[in-house]
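**Student:** for reference, the sequence and a predicted model appear below.
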Amino acid sequence: MDRKSQILDRQRRVFRIAQDPTRYGLTLKMIAADADLKPDSVRNYAAGETVMPLTALDALIGVLPDELLSLLLPAGRVIVRIPEGVDHDEIEAAARDFLAAKGAAHHPLSEDGRDIGEKEQALLDSKVAHLRAVAA
């Protein structure tokens, strides 16, 4: 399948999911109005009749959820919102805490020597969760 066909397939999928009443329940008319796009243009994008330009994607940001817009991108890519009010000192402390635990887990005299043992894995997982929490 060529690149254009892949893009059109992704567009059709996004709009199909957006309109699914069990998921988002958005109508094309609602999407067009909220994005300030022409309804005919949105219908064409949804039907895969024309490739959506970057200006249309930009207009859909904030109208469609980021996880849905991410489906427009090639596999392995996602749209991520930059968090507001990030406490860089807290992130640094959490990152250093994780790195210290990771280094200790690889010490030759640790639980499984250079390999990460079961208890070390649990500890590292909790530190990753904390790091994600302070970075969110």
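**Tutor:** Okay, I see it.
**Student:** per-domain residue ranges of the chain.
**Tutor:** 3-72, 88-135 (automatic domain parsing).
**Student:** show the end-to-end separation of the last one, please.
**Tutor:** Between the opening and closing residues of domain 88-135 we find a distance of 8 Å, counting by Cα to Cα, to the nearest Å.
**Student:** any idea of the mean pLDDT for that domain?
**Tutor:** pLDDT averaged over domain 88-135 equals 91, rounded to a whole number.
**Student:** residue ranges for the helices of this protein, please.
**Tutor:** According to DSSP state H, the chain carries its helices in the segments 3-19, 28-35, 39-47, 54-60, 66-69, 88-105, 118-135.
**Student:** relative to residue 79, which of these is closest?
**Tutor:** Taking Cβ to Cβ, helix 66-69 is the member of those nearest to residue 79, at 4.5 Å. Using the backbone N, CA and C atoms, a C-beta is placed for each residue, glycine as well.
**Student:** picking up where we left off before, reformat the helices of the chain as a markdown table; add mean neighbour count and distance to residue 112.
**Tutor:** Putting these into a markdown table (neighbours: other Cβ atoms under 10 Å; distance: least, Cβ to Cβ, whole Å) gives the following:
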| stretch | mean neighbour count | distance to residue 112 |
| --- | --- | --- |
| helix 3-19 | 16 | 44 |
| helix 28-35 | 17 | 53 |
| helix 39-47 | 17 | 53 |
| helix 54-60 | 15 | 48 |
| helix 66-69 | 15 | 37 |
| helix 88-105 | 13 | 8 |
| helix 118-135 | 14 | 7 |
